[in-house]
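> all I have is the shape, not the residue letters:
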Ligand code: AMP
(Lines give C-alpha, C1' and ligand atoms only; values in the text may rest on other atoms or scores of the structure.)
Protein backbone atom coordinates (compact mmCIF):
# COMPACT_ATOMS: atom_id res chain seq x y z
CA UNK A 1 0.00 0.00 0.00
CA UNK A 2 2.78 2.41 0.94
CA UNK A 3 4.77 1.28 -2.13
CA UNK A 4 1.75 2.11 -4.32
CA UNK A 5 1.44 5.54 -2.76
CA UNK A 6 5.14 6.20 -3.23
CA UNK A 7 5.09 5.20 -6.90
CA UNK A 8 2.12 7.53 -7.44
CA UNK A 9 4.17 10.27 -5.83
CA UNK A 10 7.14 9.46 -8.06
CA UNK A 11 4.91 9.87 -11.12
CA UNK A 12 4.28 13.46 -10.04
CA UNK A 13 7.98 14.42 -10.03
CA UNK A 14 9.05 15.85 -13.38
CA UNK A 15 12.67 15.60 -14.54
CA UNK A 16 13.91 18.75 -16.27
CA UNK A 17 17.38 18.33 -17.84
CA UNK A 18 19.88 21.20 -17.87
CA UNK A 19 18.04 23.43 -15.38
CA UNK A 20 19.07 25.86 -13.91
CA UNK A 21 22.31 25.18 -15.79
CA UNK A 22 23.75 22.58 -18.14
CA UNK A 23 24.40 19.18 -16.57
CA UNK A 24 21.86 19.55 -13.72
CA UNK A 25 18.84 17.24 -13.78
CA UNK A 26 16.24 19.29 -11.92
CA UNK A 27 13.62 17.32 -9.95
CA UNK A 28 10.52 19.47 -10.34
CA UNK A 29 7.88 19.03 -7.63
CA UNK A 30 5.29 21.42 -9.14
CA UNK A 31 3.20 18.58 -10.72
CA UNK A 32 2.99 17.02 -7.23
CA UNK A 33 1.83 20.31 -5.69
CA UNK A 34 -0.77 20.76 -8.46
CA UNK A 35 -2.37 17.36 -7.73
CA UNK A 36 -4.31 17.71 -4.49
CA UNK A 37 -4.49 13.93 -3.90
CA UNK A 38 -0.75 13.47 -4.46
CA UNK A 39 0.11 16.48 -2.28
CA UNK A 40 -2.12 15.29 0.57
CA UNK A 41 -0.68 11.81 0.28
CA UNK A 42 2.84 13.20 0.44
CA UNK A 43 2.09 15.08 3.67
CA UNK A 44 0.27 12.02 5.08
CA UNK A 45 3.33 9.82 4.32
CA UNK A 46 5.61 12.30 6.09
CA UNK A 47 3.33 12.33 9.15
CA UNK A 48 3.17 8.51 9.18
CA UNK A 49 6.95 8.24 9.06
CA UNK A 50 7.25 10.66 11.99
CA UNK A 51 5.13 8.13 13.87
CA UNK A 52 3.84 10.46 16.59
CA UNK A 53 7.28 11.73 17.64
CA UNK A 54 6.78 14.74 19.91
CA UNK A 55 7.38 17.89 17.89
CA UNK A 56 6.90 21.52 18.93
CA UNK A 57 7.08 23.08 15.45
CA UNK A 58 8.01 22.53 11.81
CA UNK A 59 10.74 24.48 10.01
CA UNK A 60 10.52 24.92 6.23
CA UNK A 61 13.63 25.86 4.24
CA UNK A 62 13.16 28.59 1.60
CA UNK A 63 11.51 28.21 -0.72
CA UNK A 64 10.12 24.81 -1.64
CA UNK A 65 10.44 23.69 1.96
CA UNK A 66 7.79 26.30 2.81
CA UNK A 67 5.14 24.46 0.80
CA UNK A 68 5.73 21.03 2.31
CA UNK A 69 6.65 22.37 5.75
CA UNK A 70 3.57 24.54 6.19
CA UNK A 71 1.26 21.70 5.15
CA UNK A 72 3.05 19.25 7.47
CA UNK A 73 2.84 21.73 10.37
CA UNK A 74 -0.91 21.97 9.82
CA UNK A 75 -1.19 18.17 9.72
CA UNK A 76 0.79 17.79 12.97
CA UNK A 77 -1.13 20.62 14.63
CA UNK A 78 1.97 22.72 15.37
CA UNK A 79 3.31 26.09 14.22
CA UNK A 80 5.47 26.77 11.17
CA UNK A 81 8.86 28.57 11.19
CA UNK A 82 10.55 29.81 8.01
CA UNK A 83 14.32 29.53 7.47
CA UNK A 84 15.21 32.05 4.78
CA UNK A 85 18.02 33.33 2.59
CA UNK A 86 19.96 36.28 4.09
CA UNK A 87 18.22 39.63 4.42
CA UNK A 88 14.65 38.34 4.07
CA UNK A 89 13.58 38.01 7.70
CA UNK A 90 12.69 41.38 9.26
CA UNK A 91 13.56 40.94 12.97
CA UNK A 92 16.85 39.93 14.68
CA UNK A 93 18.27 36.72 13.17
CA UNK A 94 20.90 34.03 13.62
CA UNK A 95 22.87 33.09 10.50
CA UNK A 96 24.63 29.88 9.37
CA UNK A 97 26.83 29.67 6.27
CA UNK A 98 27.39 26.68 4.01
CA UNK A 99 29.65 25.92 1.06
CA UNK A 100 28.43 25.82 -2.52
CA UNK A 101 30.26 24.39 -5.53
CA UNK A 102 31.61 27.92 -6.05
CA UNK A 103 31.56 30.20 -3.00
CA UNK A 104 29.14 30.04 -0.09
CA UNK A 105 25.59 30.90 0.88
CA UNK A 106 23.75 31.33 4.16
CA UNK A 107 20.41 30.80 5.86
CA UNK A 108 18.78 32.74 8.68
CA UNK A 109 16.16 32.22 11.37
CA UNK A 110 14.48 34.70 13.71
CA UNK A 111 16.27 34.61 17.06
CA UNK A 112 12.97 34.39 18.94
CA UNK A 113 11.53 31.61 16.71
CA UNK A 114 12.69 28.78 19.00
CA UNK A 115 14.03 28.28 22.50
CA UNK A 116 15.29 25.65 24.96
CA UNK A 117 13.14 22.51 25.03
CA UNK A 118 11.83 22.98 21.50
CA UNK A 119 12.07 19.91 19.22
CA UNK A 120 11.53 20.69 15.56
CA UNK A 121 11.13 18.88 12.27
CA UNK A 122 13.12 20.44 9.41
CA UNK A 123 11.50 20.06 5.97
CA UNK A 124 12.73 20.63 2.42
CA UNK A 125 11.67 19.26 -0.96
CA UNK A 126 15.02 17.67 -1.73
CA UNK A 127 18.39 16.84 -0.19
CA UNK A 128 21.37 17.06 -2.53
CA UNK A 129 24.72 17.74 -0.78
CA UNK A 130 22.95 18.32 2.54
CA UNK A 131 24.63 21.70 3.02
CA UNK A 132 21.42 23.70 3.36
CA UNK A 133 19.86 21.24 5.80
CA UNK A 134 23.03 21.03 7.90
CA UNK A 135 23.20 24.83 8.14
CA UNK A 136 19.53 24.84 9.19
CA UNK A 137 20.38 22.34 11.94
CA UNK A 138 23.07 24.76 13.11
CA UNK A 139 20.48 27.55 13.31
CA UNK A 140 18.28 25.35 15.50
CA UNK A 141 21.28 24.78 17.80
CA UNK A 142 21.96 28.52 17.96
CA UNK A 143 18.39 28.87 19.29
CA UNK A 144 19.21 26.22 21.98
CA UNK A 145 16.58 23.95 20.44
CA UNK A 146 16.87 20.45 18.94
CA UNK A 147 16.12 18.81 15.57
CA UNK A 148 13.84 15.78 16.09
CA UNK A 149 14.08 14.79 12.41
CA UNK A 150 14.89 16.04 8.92
CA UNK A 151 12.21 15.30 6.30
CA UNK A 152 12.66 15.42 2.50
CA UNK A 153 10.46 14.33 -0.37
CA UNK A 154 13.50 13.48 -2.53
CA UNK A 155 16.98 12.17 -1.69
CA UNK A 156 19.69 12.39 -4.38
CA UNK A 157 21.53 9.28 -3.21
CA UNK A 158 24.77 9.79 -5.17
CA UNK A 159 25.54 13.03 -3.31
CA UNK A 160 25.32 11.31 0.11
CA UNK A 161 23.89 14.44 1.72
CA UNK A 162 22.24 12.46 4.51
CA UNK A 163 25.71 11.61 5.88
CA UNK A 164 26.12 15.28 6.83
CA UNK A 165 23.05 15.12 9.07
CA UNK A 166 23.85 12.00 11.12
CA UNK A 167 23.03 11.01 13.82
CA UNK A 168 19.73 12.98 13.65
CA UNK A 169 16.86 10.85 12.21
CA UNK A 170 16.27 11.48 8.50
CA UNK A 171 13.06 10.69 6.62
CA UNK A 172 13.16 10.63 2.81
CA UNK A 173 10.21 9.49 0.70
CA UNK A 174 11.78 8.96 -2.74
CA UNK A 175 15.38 7.98 -3.58
CA UNK A 176 16.85 9.01 -6.92
P1 LIG B 1 21.80 20.87 -0.87
O2 LIG B 1 22.10 21.98 0.11
O3 LIG B 1 22.95 20.60 -1.79
O4 LIG B 1 21.30 19.63 -0.19
O5 LIG B 1 20.68 21.41 -1.84
C6 LIG B 1 19.35 21.33 -1.47
C7 LIG B 1 18.55 22.46 -2.06
O8 LIG B 1 18.83 22.69 -3.43
C9 LIG B 1 17.08 22.15 -1.95
O10 LIG B 1 16.41 23.30 -1.46
C11 LIG B 1 16.63 21.81 -3.36
O12 LIG B 1 15.40 22.39 -3.62
C13 LIG B 1 17.72 22.37 -4.27
N14 LIG B 1 18.21 21.39 -5.25
C15 LIG B 1 19.47 20.90 -5.34
N16 LIG B 1 19.60 20.04 -6.36
C17 LIG B 1 18.40 19.97 -6.96
C18 LIG B 1 17.87 19.22 -8.07
N19 LIG B 1 18.63 18.37 -8.80
N20 LIG B 1 16.56 19.37 -8.38
C21 LIG B 1 15.79 20.21 -7.66
N22 LIG B 1 16.22 20.93 -6.61
C23 LIG B 1 17.51 20.83 -6.26
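Received, thanks. Note that the structure is predicted; figures quoted are calculated from it, not measured.
> and this structure, which residues reach the ligand?
Proximity of the chain to the ligand, by C-beta under 6 Å from any ligand atom, involves residues 24-27, 61, 64, 124-133, 161. Heads up, the C-betas are built off the backbone N, CA and C, glycines and all.
> just the element for the residue nearest to residue 8 when sequence neighbours are not counted, please.
Among residues not flanking residue 8 along the chain, residue 38 sits closest, at 6.3 Å (C-beta to C-beta, 6 or more residues apart in numbering). Under the criterion of DSSP states H and E, residue 38 resides in helix 36-50.
> and that helix, what does it pack against?
helix 2-11, helix 30-34, helix 64-76, strand 146-155, strand 170-175 (3 or more C-beta pairs under 8 Å, 6 or more residues apart in numbering; DSSP states H and E).
> flag every buried residue along that helix.
38, 39, 41, 42, 43, 45, 46, 47, 50 (16 or more other C-beta atoms under 10 Å).
> report the distance from that helix to the chain centre.
Averaging C-alpha positions (C-alpha atoms, centre = their mean, to the nearest Å) puts helix 36-50 14 Å from its chain's average.
> each with direction, which strands does the helix or strand following it pair with?
Next helix or strand after helix 36-50 toward the C-terminus (DSSP H and E): strand 57-61. Sheet pairing here is set by DSSP bridges, and for strand 57-61 it gives strand 79-83 (parallel), strand 119-127 (parallel).
> deepest-packed of those, please.
strand 119-127 (a mean of 25; mean count of other C-beta atoms under 10 Å).
> now do that one against helix 36-50, angle only.
130 degrees (axes from the mean of the first three to the mean of the last three C-alpha atoms, to 10 degrees).
> pLDDT of strand 119-127, averaged?
Strand 119-127 carries an average pLDDT of 98.
> what angle do it and strand 146-155 make?
20 degrees.
> measure how strand 119-127 sits relative to helix 64-76, angle-wise.
140 degrees.
> after strand 119-127, which helix or strand is next?
helix 131-142.
> mark which of the residues of the chain next to the ligand are buried, thanks.
27, 61, 64, 124-133, 161.
> can I get these in JSON lines including distance to residue 75?
Putting these into JSON lines (distance: C-beta to C-beta, whole Å) gives the following:
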{"residue": "27", "distance to residue 75": "23"}
{"residue": "61", "distance to residue 75": "18"}
{"residue": "64", "distance to residue 75": "17"}
{"residue": "124", "distance to residue 75": "17"}
{"residue": "125", "distance to residue 75": "16"}
{"residue": "126", "distance to residue 75": "20"}
{"residue": "127", "distance to residue 75": "21"}
{"residue": "128", "distance to residue 75": "25"}
{"residue": "129", "distance to residue 75": "28"}
{"residue": "130", "distance to residue 75": "25"}
{"residue": "131", "distance to residue 75": "27"}
{"residue": "132", "distance to residue 75": "23"}
{"residue": "133", "distance to residue 75": "20"}
{"residue": "161", "distance to residue 75": "25"}
